[in-house]
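>>> Mind folding the following:
(2 chains)
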2 protein chains.
Amino acid sequence: MVELSKLQKFLVEKSIIFPIAELYGSFAGFFDYGPLGVELKRSIKDLWWKRFVEKKSDVYGMDGVIITHPKVWEASGHVSAFQDPLVECRKCKNRTRADHLVEDKLSMSADGLSLPDLARLINEHDLPCPTCGSRDLVDPKYFNLMFATRVGAAEGDTAYLRPETAQLIFVDFPRIYKSNRGKLPMGIAQIGRAFRNEISPRNFVFRGREFEQMELEYFFNPKSKPELNVPDIEVNVLTREAQKKSESHKKVKFKDLLKLTSEWHVFWLLLSYEFVLELGIKPENLRLRQHTKEELSFYAKDTWDIDYNYPFGWKEMVGIANRGDYDLQQHAKFSNSDLSVMDGGKKIYPYVLEPSFGVDRLIMAMLSDAYEEEEKRQVLRLNPKVAPIQVAVFPLVNKEGMDTLAKEIFDKLNFRAFYDDKGSIGRRYRRQDSIGTPYCITIDGDTLKDKTVTLRERDNMKQKRVKISEIEGEIGASF
Amino acid sequence: MVELSKLQKFLVEKSIIFPIAELYGSFAGFFDYGPLGVELKRSIKDLWWKRFVEKKSDVYGMDGVIITHPKVWEASGHVSAFQDPLVECRKCKNRTRADHLVEDKLSMSADGLSLPDLARLINEHDLPCPTCGSRDLVDPKYFNLMFATRVGAAEGDTAYLRPETAQLIFVDFPRIYKSNRGKLPMGIAQIGRAFRNEISPRNFVFRGREFEQMELEYFFNPKSKPELNVPDIEVNVLTREAQKKSESHKKVKFKDLLKLTSEWHVFWLLLSYEFVLELGIKPENLRLRQHTKEELSFYAKDTWDIDYNYPFGWKEMVGIANRGDYDLQQHAKFSNSDLSVMDGGKKIYPYVLEPSFGVDRLIMAMLSDAYEEEEKRQVLRLNPKVAPIQVAVFPLVNKEGMDTLAKEIFDKLNFRAFYDDKGSIGRRYRRQDSIGTPYCITIDGDTLKDKTVTLRERDNMKQKRVKISEIEGEIGASF
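A predicted model of the protein is given here:
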């Protein structure tokens, strides 16, 4: 697996992802996506929307605001409890996450530890400030991660930038449910930015302060059951029990997850896992991890993550939580409204299964997975479906009609295409290999005579002659 | 033309666009898009990206952050001058835009009027507070429209939510230019949210506080000329001269714009206008309006808007500005960097042509344009390309195999499709008419025998029998 520093250097060099406002010294935890990065993002979002909204007749899309009403976050618990433990160095004034300090220095999980627990561990082991090494640290305290702003002329009202897209779905659920003639189960999906004022952003875009989420809230009667069709596949699983015994993940049959969690949970774990496979991420770098009792949110019935084996270890890429009826109950309480719905002749508060995807985390996983250095080249083995450029078109030389014909071919291609007429063919191939382009087409002297081009594949570097009329078919077959 | 209040009521009723956080009393100027609204937005953004990025080999995409480095906005002038004149009522404390007050009450344009000018007009005409009618108003003062927040643990650094996406493009231009082997002309395009703390948001999503932009900055050598191929079409034009004489717009040949502005400006006016036509907006509701000398930004060489004839009058929908080299010069100055590029053997600061589209304003125009009430039905005559649902599939009755076959057909359709098996066929047709679905397919008893369905068109309500295998072709032909 590629090291993070090398991957990061590569991404910045190619302008795929880079720090913002470089002219002005940047801002920690904020990144812009360049020409290739934005295409990667667009492909992932489009494939997700297709799979989870367009192809599912019981899921509806929505697109909510970023600056949100403060009451939404009071009801959700974010105003009082969306916080991380912060520890400050008395000497250099650096602030860092207390749980990360403990995890990094003591090689243990600090999930769910209280402030006194963290203070005790820091003092007992005399942990140093990660910036200056001083041992003079202030006892940990909580820091709320929401970005606030003020809305309206003059002093205005406090509002928050959404720290997740999910709550907007809960608040709009009653309206969307009614406007679709109310029937359970029903899902609502949303893609968009979310914002968390991380104390110490790290691991490039893995833990940024601004990021993109794809979230789906699936509302169902807890007494109902899904139509479940689990294929006979194996998957790495790390159960709650295994974690208690400090064991690592084991390969198990997907359908055996039914012994560990609810059928609806298995249903959404499967759809989510299949989506991750569709992106082309290798199954050996994936595992399903069940949250331990300690880390589980108090309202969650159960939560599973799809972890990826990042350059900095196994970390959450996708989270699939069973939130029960907590959110709707909270909004009912805070708005003093009845948000129950009729199902099976009874008034109920539906349960909610929430598959939540971080776009930037998926991109980090895909890039880590795809990056390879071979003896003679750097190659990004991206799935052709999501490659920023799907086919590059080269005239062998920029004259004798090869350029005109190459442009004609380029204009007609129905893929994300790129035209390049500069440098030797070898260098042009290498350049495309390094940014993940699965196919290159070269137009040469023979093309003018027999209407065939050289089609060259990124992965095996094989070349073959293909008729111009058959290019689309040859390439399309591999998607 | 439909009245705004009626259109707004319709959009909220259908959950296409509605006020945020209704459970908590909403927030002026913020709106969520529901299931149909989000599809409309997605189609517009996809068509724009296809036309302006994918099909243009000299335009690159990017995707930048929303929370931006404050220096960016100091350099751009937003920190000191992105402001509107605010007038406060001493009695009811309501704050409103001084220029809007003058425009509404005196039926004149207040663009470019200074604070003393506005104060004089308000006092001379003894204008009343629009909320309580009191004439006791504080003299106008400026109010900065940027939303601020703080980044980092503890007190943090001030940062701004971008009030436009354009400046991020300027700041990333040097990097993206280099990574594409620097060559002019070159465009960079971006789609995303922007935020303005409007003093008095109004006209539904036309002037919201959070909105979506599609912006393109096209960098070119002012000495260069475009390959210009102006088709022989006519367009409504309102020139600077005509406005001076209080004349209205005139129909002129598109190529006659070359007498009024630069060739590069005509080039981007044409591409922008063609895009608006592609969305299906009627040309008679469009006009190109040149900014007057008074309203032109001090750095702009020239600016033209594509106005739409909204229910509340002719207003800007798209703006196409020639910003000269102002922005790059400003960022060079503030970052103390040389941002010039080599072109034609000389170091130059390229000029910038900026076509800037407001997604929400396009949606408002499309909906105003498409909404019609006929004797027996409400119909939304949206272009099939952008209709949220492109085809609805109905089994005549929900049994006898019609439902199974209807679902099979639904699953195979390669359009945004919707399945509906409830209510009479007439009611189902009406429901789809009202949300703009161009085609409905009904599966009846005959379908089981002869494999034909009823294909019904929204606009003329005509029905015909079509073979199942020919549905895609029949529908696709009209896109």
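>>> Please enumerate the helices of the stretch 1-150 of chain A.
Secondary structure of the stretch 1-150 of chain A by DSSP state H, counting those that start in this stretch: the helices cover A:4-13, A:35-49, A:70-76, A:78-81, A:98-106, A:115-124.
>>> contacts for the third one?
Pointing back at helix A:70-76 there. A:79-80, A:82, A:146, A:157-160, A:163, A:167-168, A:170-171, A:327, A:330-331, A:333-335, B:21, B:23-25 (Cβ atoms under 8 Å, 6 or more residues apart in numbering or on different chains). (C-beta placed from N, C-alpha, C; glycine too.)
>>> Check the last one too.
Surrounding helix A:115-124, the residues in contact under the criterion Cβ under 8 Å, 6+ apart are A:85, A:87, A:98-99, A:101-102, A:106, A:110, A:113, A:127, A:137, A:139-142.
>>> of all the residues you listed, which comes closest to A:S424?
A:L101 (51.5 Å; Cβ to Cβ).
>>> Flag every buried residue along stretch A:324-338.
For stretch A:324-338, a neighbour-count test (16 or more other Cβ atoms under 10 Å in any protein chain shown) marks A:324-328, A:330-332, A:335 as buried.
>>> Among the residues you listed, which are located in helices?
Secondary structure from DSSP state H places A:326-328, A:330-332, A:335 of these in helices.
>>> which one of those is nearest chain B?
Nearest to chain B among these: A:S335, at 3.7 Å, using Cβ to the nearest Cβ.
>>> List the residues that contact the nearest residue to that closest one once chain neighbours are set aside.
Once flanking residues are discounted, A:S335 sits nearest to B:L23: 3.7 Å by Cβ to Cβ, 6 or more residues apart in numbering or on different chains. By Cβ under 8 Å, 6+ apart, the contact set of B:L23 is A:71, A:171, A:174, A:331, A:334-335, A:337.
>>> Same check on A:G182?
For A:G182, the contacting residues are A:341-342, by Cβ under 8 Å, 6+ apart.
>>> make it 10 Å
A:174, A:176, A:341-343 (Cβ atoms under 10 Å, 6 or more residues apart in numbering or on different chains).
>>> A:I441 is in what secondary structure piece?
strand A:439-443 (DSSP states H and E).
>>> and that strand, what does it pack onto?
Contact here means 3 or more Cβ pairs under 10 Å, 6 or more residues apart in numbering or on different chains; DSSP states H and E; on that basis strand A:439-443 packs against strand A:391-395, helix A:402-412, strand A:417-419, helix A:425-434, strand A:452-457, strand A:463-467, helix A:471-476.
>>> Out of the contacts of A:G182, which sit inside strands?
When those are checked against strands (DSSP state E), the matches are A:341-343.
>>> tell me which of those is nearest to chain B?
Among the ones in strands among the contacts of A:G182, and counting by Cβ to the nearest Cβ, the member closest to chain B is A:V341, at 14.9 Å.
>>> what about A:M1, how many residues close to it?
13 (other Cβ atoms under 10 Å in any protein chain shown).
>>> Which pLDDT value goes with the closest residue to it other than its chain neighbours?
Closest residue in space to A:M1, ignoring its immediate chain neighbours: A:P311 at 5.5 Å, by Cβ to Cβ, 6+ apart. A:P311 carries a pLDDT value of 96.
>>> what's the neighbour count on A:P311?
19.
>>> so who does it touch?
With Cβ under 10 Å, 6+ apart, A:P311 has these contacts: A:1-8, A:203-204, A:206, A:364, A:367-368, A:371.
>>> With A:R465 instead?
With Cβ under 10 Å, 6+ apart, A:R465 has these contacts: A:444, A:446-447, A:450, A:452-455.
>>> quick one: which of those residues is nearest chain B?
Chain B has its nearest neighbour among these in A:V453, at 18.6 Å by Cβ to the nearest Cβ.
>>> What residues does the closest one make contact with?
Taking Cβ under 10 Å, 6+ apart as the test, what A:V453 contacts is A:393-394, A:396, A:405-406, A:409, A:440-444, A:446-447, A:464-468, A:470-471.
>>> Repeat that for A:L238.
Applying Cβ under 10 Å, 6+ apart, we find A:L238 in contact with A:247-250, A:287-290, A:304-305, A:307, A:314.
>>> Just send these back as a markdown table, with distance to chain B, pLDDT and neighbour count too.
Listed next are the contacts of A:L238 as a markdown table, based on distance: Cβ to the nearest Cβ, whole Å; pLDDT from 0 to 100; neighbours: other Cβ atoms under 10 Å in any protein chain shown:
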| residue | distance to chain B | pLDDT | neighbour count |
| --- | --- | --- | --- |
| A:E247 | 36 | 96 | 11 |
| A:S248 | 34 | 95 | 10 |
| A:H249 | 34 | 97 | 18 |
| A:K250 | 36 | 97 | 13 |
| A:R287 | 30 | 98 | 20 |
| A:L288 | 29 | 98 | 24 |
| A:R289 | 29 | 98 | 22 |
| A:Q290 | 31 | 98 | 21 |
| A:W304 | 28 | 98 | 29 |
| A:D305 | 26 | 98 | 20 |
| A:D307 | 26 | 98 | 22 |
| A:W314 | 27 | 97 | 18 |
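>>> How much space separates the residue lying closest to A:T437 once chain neighbours are set aside from A:V453?
Ranked by Cβ to Cβ, 6+ apart and with sequence neighbours excluded, the top spatial neighbour of A:T437 is A:I389, at 4.4 Å. Going from A:I389 to A:V453 by Cβ to Cβ, to the nearest Å gives 17 Å.
>>> Then A:G64?
Per Cβ to Cβ, A:G64 is found 47 Å from A:V453.
>>> Quick check: residues of the stretch 351-479 of chain A near chain B?
For the stretch 351-479 of chain A, the residues in contact with chain B (Cβ under 10 Å from any Cβ of the partner chain) are A:388, A:407, A:410-411, A:415-420, A:422-423, A:431.
>>> And the residues you listed, which of them are buried?
The neighbour count (16+ other Cβ under 10 Å) marks A:388, A:407, A:410, A:415-420, A:431 as buried among these.
>>> farthest-separated two in these?
Farthest pair in these, by Cβ to Cβ: A:P388 and A:K407, 20.6 Å.
>>> What count of nearby residues applies to A:D126?
Neighbour tally, A:D126, other Cβ under 10 Å: 9.
>>> can you pull the contacts of it?
Counting by Cβ under 10 Å, 6+ apart, A:D126 touches A:105, A:135, A:137.
>>> Over to A:F415?
So A:F415 contacts A:384, A:387, A:389-391, A:438-439, A:471-472, A:475-476, A:479, B:54 (Cβ under 10 Å, 6+ apart).
>>> Would you reformat these as TSV and include neighbour count, distance to B:F298 and pLDDT?
As requested, the contacts of A:F415 are exported to TSV (neighbours: other Cβ atoms under 10 Å in any protein chain shown; distance: Cβ to Cβ, whole Å; pLDDT from 0 to 100):
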residue	neighbour count	distance to B:F298	pLDDT
A:P384	21	49	95
A:A387	27	45	97
A:I389	21	41	96
A:Q390	25	45	96
A:V391	24	46	96
A:P438	25	49	97
A:Y439	22	50	97
A:I471	21	52	94
A:E472	14	51	92
A:I475	21	51	90
A:G476	12	52	82
A:F479	11	51	73
B:E54	15	35	92
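>>> For beta bridges, what are the partners of the closest residue to A:K251 other than its chain neighbours?
The shortest distance from A:K251 to any non-neighbouring residue, by Cβ to Cβ, 6+ apart, is to A:E234 (5.1 Å). Beta-bridge pairing of A:E234 under DSSP bridges involves A:K253.
>>> A:M364 against A:Y310, yeah?
Yes: A:M364 is within contact range of A:Y310, at 6.6 Å (criterion: Cβ atoms under 10 Å).
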